[in-house]
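1. With the input below, show me the fold.
(one chain, ligands or ions: 2)
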Amino acid sequence: MTSEEELRRDLSQRVLLHRRRFLALLAGTGGAVVLGACSSDDPAPKPKPEATTTTTGAGPTSTTSTTLADLAEAPSAKGIESDPFLLGVASGDPLPDSVILWTRLTTDLADPTGFGGIGDTDHAVLWEVSTDEDFTDIVKHGTEPAAAEFGHSVHADAHGLEADTWYWYRFRIGDHTSPVGKTRTTPKDDASVDELTFAFASCQLRTAGHWTAYPQVVADEPDLILFLGDYIYEYPGGTGELAIPLKAEPVTVADYRVLYAAYQRDANLQAAHAIAPWVITWDDHEVENNYAAGTAEKAEDQAGFEARRVAAYQAFWESHPIRIDPPAEDGSLEVYRWFRYGTLAEFFVLDGRQYRSDQVCGDQVGTNAKDCPDLANPEHTMLGPEQEQWLAKGLKAADATWTVLAQQTVVKSLVLGDVILNVDQWDGYPAARSRLLDSIYQAGLQNVVVLTGDIHAGGAADLRMPNATTEGEIVAHELVAPGISSPGFGDIAKGLDLAAFGLAYANFEDNGYVRCTVTRDTWTTEFVIVDSIATETSPASVDATVEIKAGTPGITRI
Ligand code: FE
Ligand code: CA
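-> Numbers count the residues shown, from 1 in each chain. Ligands and ions are numbered 1, 2, ... in the order given. Model prediction:
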């Protein structure tokens, strides 16, 4: 095996469910995915009842139509008195032959027990995948547990699908049928791909307003949607339909489930979930503001923080169509992962929260570098040593036209004189940032794009060696998403000399998302902003368009 093959194998081992399926095949249990089966090098997942998958008809090319009568009956909904699909459906983490299909059974959004009105009884659902919207050609179906232990969440690995293909899916239980979602497998790993369109977004503080960007995302019909963190915020409050039914910040799994339900009840969000597969990572607010690994934001909240983080991680896993095992016994959750889109692009999805060093010098906005010797600590890490090594190896093995890092916080230096805007960002981890840029440089990659959330501001900037603002070799390009609804910083960018900061674009004021169209020659980025988040819908428009040409480093505003 060549070292490149070894690296590739190492990467694909991150796709845990695939490995599980392989092990299941070895064990003679067919293709059934048994989450409870684990190999010696896996973190011990919590046991989960067995799921089954069935191929209906002759596969995706079959022209035979399949009626519902041909299918296995939907599992009983005994004890479920009303529509359990209040949170809609979603799909995610696509591969060439598989997509994770998600829902979470809930009949009561504010149920303080955390069981969503369903009680602590385990259930199961039937899932169906069709090549058409009307489900006349169902090509796969199976039953998947909706266990009380996991908040009646469903993660069905619909596999054996055709590459680079749109599908429709839904769930059924008793007489209840879920809304229909649309999803898409990725092209085969070695497929030449003409174009990929995707949206990326972050930061949707529910209590701040409506998510008016999503109807435009739906209208775009992207191949993929990436979410880069702050999908929820831990804050109660809000009024009317934006109200969070919690009296205090969440602490238990039940609290976090109620919080997720308050977010995921939103019709605009559900429509976006149902339009394309999502790939999701997290930032701080999925637990609490500016936490770092096991350290709470404030020292007075440290007692109980470990248990709070375990609860938040479990609720995160339950709430997303994510191709990872449930939290390990110690509560950790391996979120960083990799996927590719033919030979056009490969994505490293990073976790800059779970393994990071605590922020330096009291985590103050506007830290003066001169007063903060800790900044120079070479031990400080953003990704943790294991993930850092995994990324460096992966970058060395990267062979698609575009290499993408999908992550949380701003890499570009935002420093005024000696004053660091925000030490929670990579600016507070300069040694780690140097290692990151160096690993890109050492890999000899030309077309590297870093996708970022967190800051509630749209932006585009070249990243240079060795982290200079406007000089030095360009090693990567950073694109930053505005918040979906989290508040920005007003019009401070207006009148700012962007070029002096090495920024190709900045908008600190508006809400929106980023739309990317990627071809072998050009990466085109449109920063889409909405007029308002005060109402459920609002016009959206392109605020700026920037372009990166493959093989020619540097972002150009067009
Ligand atoms: Fe945020
Ligand atoms: Ca954040």
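
2. number of nearby residues for the nearest residue to Tyr355 once chain neighbours are set aside?
-> Nearest-residue entry for Tyr355: Gly384, 2.6 Å, with adjacent residues in sequence omitted and distances by CB to CB, 6 or more residues apart in numbering. C-betas here are computed from N, CA, C, even on glycine. Gly384 is flanked by 18 other residues according to other CB atoms under 10 Å.

3. For Gly384, which residues are in contact?
-> Contacts here follow CB atoms under 8 Å, 6 or more residues apart in numbering; on that basis Gly384 touches Ala293, Gln354, Tyr355, Arg356.

4. Most neighbours among those residues, please name it.
-> Highest neighbour count within the contacts of Gly384: Arg356, with 25 neighbours (other CB under 10 Å).

5. Work out for me the element that residue sits within.
-> Applying DSSP states H and E as the criterion places Arg356 outside every helix and strand.

6. list the contacts for it?
-> Here Arg356 is in contact with Ala292, Ala293, Thr381, Met382, Leu383, Gly384, Tyr429 (CB under 8 Å, 6+ apart).

7. wait, is Leu437 part of a helix?
-> Yes. Residue state for Leu437 (DSSP: H, G, I helix; E, B strand; the rest coil) corresponds to a helix.

8. Is it correct that it is in contact with Pro466?
-> Yes. The pair formed by Leu437 and Pro466 meets the contact definition of CB atoms under 8 Å, at 7.0 Å.

9. How many residues are close by the residue lying closest to Gly294 once chain neighbours are set aside?
-> Sequence neighbours aside, Glu306 is the residue nearest to Gly294 in space, at 6.2 Å (criterion: CB to CB, 6+ apart). As a burial measure, the neighbour count of Glu306 was computed by other CB under 10 Å and equals 13.

10. three-state assignment of Glu306?
-> helix.

11. And Lys140, how far from ligand 1?
-> Counting by CB to the ion, to the nearest Å, the separation of Lys140 from ligand 1 is 37 Å.

12. Please read off the pLDDT at the residue nearest to Gly294 from the model.
-> According to the prediction, Glu306 has pLDDT 97.

13. For Ala272, which non-adjacent residue is spatially closest?
-> Using CB to CB, 6+ apart and skipping the chain neighbours, the partner closest in space to Ala272 is Tyr214 (4.2 Å).

14. can you check Leu375 too?
-> Taking CB to CB, 6+ apart, and ignoring the residues beside it in sequence, Leu375 has Val360 as its nearest neighbour in space, at 5.5 Å.

15. hang on, the one you found packs against Pro430?
-> No. In this structure Val360 lies outside contact range of Pro430 using CB under 8 Å: 9.6 Å.

16. joint contacts of these two?
-> Shared contacts of Val360 and Pro430, counting by CB under 8 Å, 6+ apart, come down to Leu375.

17. Neighbour count: those two, which is higher?
-> Neighbours per residue, other CB under 10 Å: of Val360 and Pro430, the larger number sits with Val360, 23 against 20.

18. residues in contact with the more buried one?
-> Neighbour list for Val360: Thr367, Cys372, Asp374, Leu375, Asn377, His380, Val423, Gly428 [criterion: CB under 8 Å, 6+ apart].

19. can you give me the helices for the stretch 451-558 of the chain?
-> In the stretch 451-558 of the chain, no helices are found when defined by DSSP state H, counting those that start in this stretch.

20. Which residues of it lie near ligand 1?
-> Ser486 (CB under 5 Å from the ion).

21. what's near enough to touch the residue of the stretch 451-558 of the chain found nearest ligand 1?
-> Evaluated by CB to the ion, the stretch 451-558 of the chain has Ser486 as its residue closest to ligand 1, separated by 4.7 Å. Ser486 is in contact with Cys203, Gln204, Leu205, Ala208, Asp230, Tyr233, His456, Asn511, counting by CB under 8 Å, 6+ apart.

22. ok, and the closest non-adjacent residue to the third one?
-> Nearest non-adjacent residue to Leu205, counting by CB to CB, 6+ apart: Ser486, 4.2 Å away.

23. any idea how far Asp284 is from the one you found?
-> Counting by CB to CB, to the nearest Å, the gap from Ser486 to Asp284 is 12 Å.

24. what residues do the two have in common as contacts?
-> With CB under 8 Å, 6+ apart, Ser486 and Asp284 have common neighbours Asp230.

25. For whatever helix or strand Glu388 lives in, name the packing helices and strands.
-> Remark: Glu388 resides in helix 385-397, with elements defined by DSSP H and E. If contacts are counted by 3 or more CB pairs under 8 Å, 6 or more residues apart in numbering; DSSP states H and E, helix 385-397 sits against helix 3-12, strand 345-349, helix 430-442.

26. Kindly recompute the last result at 10 Å.
-> For helix 385-397, the contact count by 3 or more CB pairs under 10 Å, 6 or more residues apart in numbering; DSSP states H and E identifies helix 3-12, strand 337-341, strand 345-349, strand 402-406, helix 430-442 as packing neighbours.

27. Count the neighbours of Thr522 for me.
-> One way to gauge burial is a neighbour count; for Thr522, by other CB under 10 Å, it gives 13.

28. okay, it: pLDDT?
-> Thr522 is given a pLDDT of 98.
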